[in-house]
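> sharing a model that was predicted from the sequence below.
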Amino acid sequence: GRLLRGINRSLRGIDAGMRDLKKHALFDPLTEALNRRGCEQAMRDSVTAAQREGWPFVLFVLDMDNLKPINDRFGHLAGDRVLVRLVESAYGWLGAQDWIGRWGGDEFLIG
């Protein structure tokens, strides 16, 4: 009884830890968008699905050109807020099969 409960508790903890590791491996901690690794995986998955279903795959590249002046004038916290708001806004209009990822500092991919 007690040993089995302890093992089950340990397994639940391991499972939660694995989910946390996967999240950190694929998502940007600031914006909660996919990170570069997550983008690469999403692109592969999207292209495979598009080929299988016979529909096109479109990839947008979004580069926030004027982020540096915001960081210089108002500080990096303000620049971070701009990035977070961009991703939050994108999640509001992206479809269920669409994704957004942070490719680099101020570069995003939308697929």
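Looks like it came in fine.
> tell me, what residue is most central in this protein?
Computing the C-alpha centroid of the chain and ranking residues by Cα atoms, centre = their mean puts residue 34 first, at 1.7 Å.
> can you pull the pLDDT of that residue?
For residue 34, the model assigns a pLDDT of 98.
> thought it was touching residue 45?
No - look at residue 34 against residue 45 with Cβ atoms under 8 Å: they stay out of range, at 11.0 Å. From N, CA and C alone the C-beta is placed, and that goes for glycine too.
> circling back to that earlier point, now the residue nearest to the centre of the chain. Nearest residue, chain neighbours left out?
Closest residue to residue 34 apart from its sequence neighbours, by Cβ to Cβ, 6 or more residues apart in numbering: residue 101 at 3.3 Å.
> contact partners of the helix or strand containing the one you found?
Secondary structure from DSSP states H and E places residue 101 in strand 100-102. Residues from elsewhere that reach strand 100-102 (Cβ atoms under 8 Å, 6 or more residues apart in numbering): 28, 30-31, 33-36, 38-39, 42, 83, 87, 90-91, 94, 108-111.
> after it, which helix or strand is next?
Following strand 100-102 in sequence, per DSSP H and E, is strand 107-110.
> packing partners for that next one?
For strand 107-110, the packing partners by 3 or more Cβ pairs under 8 Å, 6 or more residues apart in numbering; DSSP states H and E come out as strand 60-63, helix 76-93, strand 100-102.
> including distance to residue 49, mean neighbour count and mean pLDDT, could those go into TSV?
As requested, the helices and strands packed on strand 107-110 are arranged in TSV below (distance: least, Cβ to Cβ, whole Å; neighbours: other Cβ atoms under 10 Å; pLDDT from 0 to 100):
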stretch	distance to residue 49	mean neighbour count	mean pLDDT
strand 60-63	17	11	96
helix 76-93	20	14	97
strand 100-102	16	24	98
